[in-house]
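Q: Need coordinates for the below:
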Amino acid sequence: MEITSVKFIKSSPDLISCPKPAFPEYAFAGRSNVGKSSLINMLTGIKNLAKTSSTPGKTKYINHFLINGKWYLVDMPGYGYSRVGEQLRKSFPALIQDYLLKRDTLACLIILIDCRHEPLENDLHFINWAGQRQIPLALCFTKADKLSATRLEINIKNYKMKLQENWQELPEIFITSSLTRTGRNELLNFIERTNIAFHSPV
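A: Numbering: from 1, shown residues only. Just a heads-up that it's a prediction; the model follows:
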């Protein structure tokens, strides 16, 4: 897929404020500081489309970008550093839950994971939460340039082993780097294939 046009549509503080559901939507979500903004900028080829910051949690609203006039890239708020033992609303704001559970045109939730870490409980909890609710999802490991090939392989293998405790078949997995543009074509081609299979309501 080639991205020929990117248009910011709006920022929405709640589900009812989101744009009319007319196109398949790909929601990018992850822990704060996972590299989401950098990945979005890399995918679209627009340097400052999503604002990057050294301060986690800058994205507060749901941001819709219309890509090629055919699908929405959705920038979701980060779900922070809350421990799984705390109330769910503190880990995953109601805004995230409402959108993921009620948005009919959600084609795929793309959960971003910092590949440098061992499996983190709130990442695993979010993945399992989405899976239990049959939300279509894929996993995207970010910052691959920060690790050696051997360390990267080990960390992803550890994540797979942990997920297999609850998953019979793992979600599709992508490995990306915003610096080297690793994984860009694979992720965009996945979106293109999913778009073909997706029938959005009129």
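Q: Could you use CA atoms for every contact and neighbour count after this?
A: OK.
Q: which residues of this protein fall in helices?
A: Here the chain has its helices, by DSSP state H, at 36-44, 88-91, 94-102, 121-132, 149-163, 184-197.
Q: what comes up buried for the fourth one?
A: Of the residues in helix 121-132, those scored as buried under the neighbour-count criterion (16 or more other Cα atoms under 10 Å) are 122, 123, 124, 125, 126, 127, 130, 131.
Q: And for the longest one?
A: Applying a neighbour-count criterion of 16+ other Cα under 10 Å, the buried positions in helix 149-163 are 152, 155, 156, 159, 160, 163.
Q: CA atoms only for the longest strand that the chain contains, dumped as PDB, please.
A: Looking across the chain with DSSP state E, the single longest strand is strand 106-114. Extracted in PDB, the C-alpha atoms of strand 106-114 (Å, rounded to 0.1, in the frame of the first residue of the first chain):
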ATOM      1  CA  LEU A 106     -13.200  -1.100  14.200                       C
ATOM      2  CA  ALA A 107     -11.400  -3.400  11.700                       C
ATOM      3  CA  CYS A 108      -8.400  -4.100  14.000                       C
ATOM      4  CA  LEU A 109      -6.900  -3.000  17.300                       C
ATOM      5  CA  ILE A 110      -3.100  -2.800  16.900                       C
ATOM      6  CA  ILE A 111      -1.500  -3.100  20.300                       C
ATOM      7  CA  LEU A 112       2.000  -1.700  20.500                       C
ATOM      8  CA  ILE A 113       4.600  -3.400  22.800                       C
ATOM      9  CA  ASP A 114       8.100  -2.100  23.600                       C
END
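Q: Show me the contact partners of that strand.
A: Strand 106-114 has contacts (Cα atoms under 8 Å, 6 or more residues apart in numbering) with 24-31, 34-36, 100, 123, 127, 135-143, 194-195, 198.
Q: These, buried ones only, as a PyMOL selection?
A: Here is the PyMOL command that selects only those of those that count as buried (16+ other Cα under 10 Å):
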select buried, resi 24+25+26+27+28+29+30+31+34+35+36+100+123+127+135+137+138+139+140+141+142+143+195
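Q: any low-confidence regions in the chain?
A: By pLDDT under 70, the weakly predicted segments of the chain are 51-59, 80-92, 199-202.
Q: centroid residue for it?
A: Central residue of the chain (Cα atoms, centre = their mean): residue 28, 2.4 Å from the mean position.
Q: these two touch, right, that residue and residue 75?
A: Yes. The pair residue 28 and residue 75 qualifies as a contact (Cα atoms under 8 Å) at a distance of 5.4 Å.
Q: ok, residue 179 - contacts?
A: Applying Cα under 8 Å, 6+ apart, we find residue 179 in contact with 143, 145.
Q: try 10 Å
A: The neighbours of residue 179, taking Cα atoms under 10 Å, 6 or more residues apart in numbering as the test, are 38, 39, 42, 143, 144, 145, 146.
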